[in-house]
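Trainee: just the structure for this:
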Amino acid sequence: MTHDPYDVLLHPYVTEKTMGRIDRDNTIEFVVRREATKTQVKWAVEKLYNAKVVKVNTRITMRGEKHAAVRFADDVNAEEIGQRIGIF
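Mentor: As a prediction, this is how the structure comes out:
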């Protein structure tokens, strides 16, 4: 396992659909390293943003990128984390 969270998370993935999921599902989507596991993504997000992660769903796009939808605990506001990382 890598010791740098920036080796796992490449950048947030922002579209109209993912912006809606921030409000609706308390979820932020990231583009992650192709080899990254769900456990590594959870660790990296919790370490970088100091926020409890409930669930991580990953998918590989047709372009070959790996995306991870990270759902935060109810006591964590995904919108606030999005503001901290510059999505808004």
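Trainee: can you tell me how far the residue lying farthest from the centre of the chain sits from residue 76?
Mentor: Here the centre of the chain is the reference, and by CA atoms, centre = their mean the most remote residue is residue 62, at 19.1 Å. Residue 62 is 31 Å from residue 76, where distance means CB to CB, to the nearest Å. Glycine gets a C-beta too; all of them are placed from N, C-alpha and C.
Trainee: again with residue 86
Mentor: 18 Å.
Trainee: neighbour count winner among these two?
Mentor: Each of residue 86 and residue 76 has its neighbours counted (other CB atoms under 10 Å); residue 76 has more, 16 against 8.
Trainee: state the three-state secondary structure for the more buried one.
Mentor: Three-state call for residue 76 (DSSP: H, G, I helix; E, B strand; the rest coil): coil.
Trainee: ok, it - contacts?
Mentor: Shown in contact with residue 76 (CB atoms under 8 Å, 6 or more residues apart in numbering): 26, 51-52.
Trainee: inside helices: which ones of those?
Mentor: Judged by DSSP state H, helices contain none of the contacts of residue 76.
Trainee: save those residues as a markdown table, and put in neighbour count and distance to residue 80 too.
Mentor: Shown next, in a markdown table, are the contacts of residue 76 (neighbours: other CB atoms under 10 Å; distance: CB to CB, whole Å):
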| residue | neighbour count | distance to residue 80 |
| --- | --- | --- |
| 26 | 18 | 11 |
| 51 | 19 | 9 |
| 52 | 13 | 13 |
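Trainee: closest to residue 4 out of these?
Mentor: Proximity of these to residue 4 (CB to CB) peaks at residue 51, which lies at 18.2 Å.
Trainee: how close does the residue nearest to the closest one when sequence neighbours are not counted sit to residue 42?
Mentor: Once flanking residues are discounted, residue 51 sits nearest to residue 76: 4.4 Å by CB to CB, 6 or more residues apart in numbering. Distance of residue 76 to residue 42, given as CB to CB: 13 Å.
Trainee: tell me how many other residues surround residue 38.
Mentor: 15.
Trainee: thought residue 58 was touching it, still the case?
Mentor: Yes - here residue 38 reaches residue 58: they are 6.0 Å apart, a contact under CB atoms under 8 Å.
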